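> predicted structure and sequence below. I'll ask about it afterward.
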Amino acid sequence: MSVTLDAPSRPYRGRFAPSPTGLLHAGSLTTAVGSYLEAKRHGGEWWLRMEDLDPPREMAGAADAILRTLAALGFEWDGELVWQHARHERYRAALDQLLAQGHAYGCGCTRREIAEAGVRGADGMVYPGTCRNGVAAGRTARAWRLRVDDAPTCFVDRLQGPYCQRLQSEIGDVVLLRADGFWAYQLAVVVDDMAQGMTDIVRGADLLVSTPRQLWLRQCLGGAAVTHCHLPLMVNAAGEKLSKQTLAPAIDAASAAVELRRALTRLGHTPPPDAGSVAELWQWARAHWQLARVPAGPIVIA
Ligand code: GLU
């Protein structure tokens, strides 16, 4: 199966999809700003989706805090705010469809067994395909996986350029439903982007490595074409991605204009000094935004 990559012909619809595992920080804010301006530049819609599917990793109060911070920064979103925790039946229906079509299968392997197979790939250990033709006698399926192949799966990122992976040897068959019973991000994000009619996905470059498997899954589910644009990765002085784990400070909504100006500057757009308020900054940014000015990254934030 080859993945087709023609551009969507539908009107632009983009989104920001934070996971409430921590508060908004410089990296996630910059991604939100870029995806918002790219949508506005195309006269499109910009939706918000809370990706709260992984309770063990979530932080109490983070979802509401993210929404408050976005509102304080002047973001306005279209459509209804979607919460992934309320969409389990959609993920179940997608998995059932994939199973019925032979694209998915149950897997009885443990994490340790996969690690022992010892194949390191583009994003951690590669699943060696042990259960592709059925779970071994005496074992039961713990997780469900998507079958991939080894032809190059390629796309052209609007900022990062051409990107290809041989999914079977670089990633391995993709987990859809985890052994701990939670839906995998990879399944939920594709199901929701399809169900919500997203046409253009603008997000952080840490997800570039996930895009070929998402395109593959989208094709299996019969989804329409989408474009991708991966904004520069924000790293700290040690070169680590900004995140709660690397202790990135939370955005302070009380300094909304300062934070917005910083995010725009990181994206290659330096507002004039007289654009002082949040409203003036957005007005300037909407008039001047050009993806061509955005650096591919990574960007070091001291
Ligand atoms: N929820 C994901 C994250 O916060 C982003 C998903 C996406 O934009 O595709 O990293």
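Nice, thanks for sending it over.

> helix or strand for the closest residue to the ligand within the stretch 201-302 of the chain, which one?
Per Cβ to the nearest ligand atom, R203 is where the stretch 201-302 of the chain lies closest to the ligand, at 3.6 Å. Just so you know, the C-beta spots here come from the backbone N, C-alpha and C atoms, and that holds for glycine as well. For R203, the host element (DSSP states H and E) is strand 200-204.

> same check, this time on T140
Counting by DSSP H and E, no helix or strand carries T140.

> quick check: it touching C109?
No. If you go by Cβ atoms under 8 Å, T140 and C109 don't touch, sitting 11.3 Å apart.

> neighbour count: those two, which is higher?
Neighbour count, other Cβ atoms under 10 Å: between T140 and C109, C109 has more, with 22 against 7.

> okay, now the unreliable bits of this structure?
1-6 (pLDDT under 70).

> the ligand contacts on this protein?
Residues of the chain that fall close to the ligand, judged by Cβ under 6 Å from any ligand atom: A17, P18, S19, E51, V189, R203, L207.

> now, the residues you listed that are in strands?
Using DSSP state E, the members of these that fall in strands are R203.

> mind checking which of the residues of the chain next to the ligand land in helices?
Secondary structure from DSSP state H places V189 of the residues of the chain next to the ligand in helices.

> quick check: which element contains the nearest residue to G79 once chain neighbours are set aside?
Nearest non-adjacent residue to G79, counting by Cβ to Cβ, 6 or more residues apart in numbering: W47, 4.6 Å away. Assigned by DSSP H and E, W47 belongs to strand 45-50.

> same question for P162.
In this assignment (DSSP H and E), P162 forms part of strand 161-166.

> picking that back up, and the angle from the strand holding W47 to strand 200-204?
50 degrees (axes from the mean of the first three to the mean of the last three Cα atoms, to 10 degrees).

> rewinding a little: closest one of the residues of the chain next to the ligand to L70?
Checking the residues of the chain next to the ligand against L70 with Cβ to Cβ, the nearest one is P18 at 8.6 Å.

> wait, doesn't the closest one sit right on S28?
Yes. At 6.0 Å, P18 counts as touching S28 under the criterion of Cβ under 8 Å.

> comparing these two, which residue is more hemmed in?
Taking other Cβ under 10 Å, P18 and S28 do not tie; S28 has more neighbours (26 against 22).

> near C107, how many other residues are there?
24.

> contacting residues around it?
Y127, T130, C131, V135, A141, R142, A143, W144, R145, D173, V175 (Cβ atoms under 8 Å, 6 or more residues apart in numbering).

> which one of these is nearest H269?
Comparing the contacts of C107 against H269 with Cβ to Cβ places V175 closest, at 38.1 Å.
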